[in-house]
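Visitor: just coords:
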Ligand SMILES: Nc1ncnc2c1ncn2[C@@H]1O[C@H](COP(=O)(O)OP(=O)(O)OP(=O)(O)O)[C@@H](O)[C@H]1O
């Protein structure tokens, strides 16, 4: 569990559109890495290539390497479904399966991955994943009720439970708090602190305070002009990026002068 990622010379395209140019960076294990940058610079695009999720978009492809503890996720014979099991994802809007109970939602990924799980093992997995997502105490007495009956913040924690139930190595989060109120946001941020003990976490956020609160490392992406590909401008320890960035564009972005 918890593996490092090494991105090498990654270029990403949507058909003929070159969306992101030549990204190389390391993402350490057992740490939180934040992707920041103005709208359209390619943060979500890069995030999606870390578990080959961009491949569900017709025409989208990338070149270069994404190595998970040394294994290239784009190497010959590597199965995209197996990759998504190792590298889980949580989206902007909580998206529990509406017709499924809380318990079924947690087990949804497991059932896709393995044939039969005994009832007692299912109970263990559900309790462990919901506890890991800080939701167990709130839902343990209503596991058979629909997941869609929970509050927005609870639904997002349910989605995190669903993602961690399959015990991935990496957890990708694409603006996981953008649809949540401030209290639910703080609950998710606290949870992210705990998750990094077990998982490598990568989070896209527009919220500078959030990047500073939750991440150990920050990567700043930028776009020279509309129609140009997004680029990684700099990556470093979060404190350094926010106190003494090397690039003028980073300084302007974190001080709110553009974006
Ligand atoms: N499915 C898609 N098909 C075609 N182009 C896309 C697709 N998704 C994103 N793009 C384009 O790729 C570029 C990068 O988009 P992306 O969503 O990765 O940026 P972002 O930095 O995450 O933006 P935001 O902060 O607004 O979410 C943009 O020009 C966008 O229009």
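Guide: That came through fine. Note that the structure is a prediction, hence the values are computed from the model and not measured.
Visitor: Who are the packing partners of the helix or strand of the chain with the lowest mean pLDDT?
Guide: The least trusted helix or strand in the chain, going by mean pLDDT, DSSP states H and E, turns out to be helix 102-113, with a mean of 85. Applying 3 or more CB pairs under 8 Å, 6 or more residues apart in numbering; DSSP states H and E, we find helix 102-113 packed against helix 119-132, helix 152-165. For every residue, glycine as well, the C-beta is placed using N, CA and C.
Visitor: distance of the closest residue to residue 14 other than its chain neighbours from the ligand?
Guide: Among residues not flanking residue 14 along the chain, residue 60 sits closest, at 5.2 Å (CB to CB, 6 or more residues apart in numbering). As judged by CB to the nearest ligand atom, to the nearest Å, residue 60 and the ligand stand 7 Å apart.
Visitor: neighbours around residue 60, how many?
Guide: Residues lying near residue 60 (other CB atoms under 10 Å) number 18.
Visitor: wouldn't it be in contact with residue 12 here?
Guide: Yes. With contacts counted by CB atoms under 8 Å, residue 60 reaches residue 12, the gap being 7.4 Å.
Visitor: just to revisit the earlier point, buried sites along the least confident helix or strand of the chain?
Guide: Neighbour counts over helix 102-113 (16 or more other CB atoms under 10 Å) mark 102-110 as buried.
Visitor: Also stretch 239-251?
Guide: Applying 16+ other CB under 10 Å to stretch 239-251 flags 241-242, 245, 249-250 as buried.
Visitor: Okay, strands next: where are they in the protein?
Guide: Here the chain has its strands, by DSSP state E, at 5-14, 17-27, 32-37, 60-68, 71-72, 87-90, 170-174, 200-204, 217-223, 230-237.
Visitor: Please convert the ones you listed to CSV, extending it with mean pLDDT.
Guide: CSV is the format used below for the strands of the chain (pLDDT from 0 to 100):
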stretch, mean pLDDT
strand 5-14, 98
strand 17-27, 97
strand 32-37, 98
strand 60-68, 98
strand 71-72, 96
strand 87-90, 95
strand 170-174, 97
strand 200-204, 98
strand 217-223, 97
strand 230-237, 98
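Visitor: now the ones you listed in TSV, with distance to residue 54?
Guide: TSV is the format used below for the strands of the chain (distance: least, CB to CB, whole Å):
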stretch	distance to residue 54
strand 5-14	7
strand 17-27	9
strand 32-37	15
strand 60-68	4
strand 71-72	16
strand 87-90	11
strand 170-174	12
strand 200-204	14
strand 217-223	16
strand 230-237	14
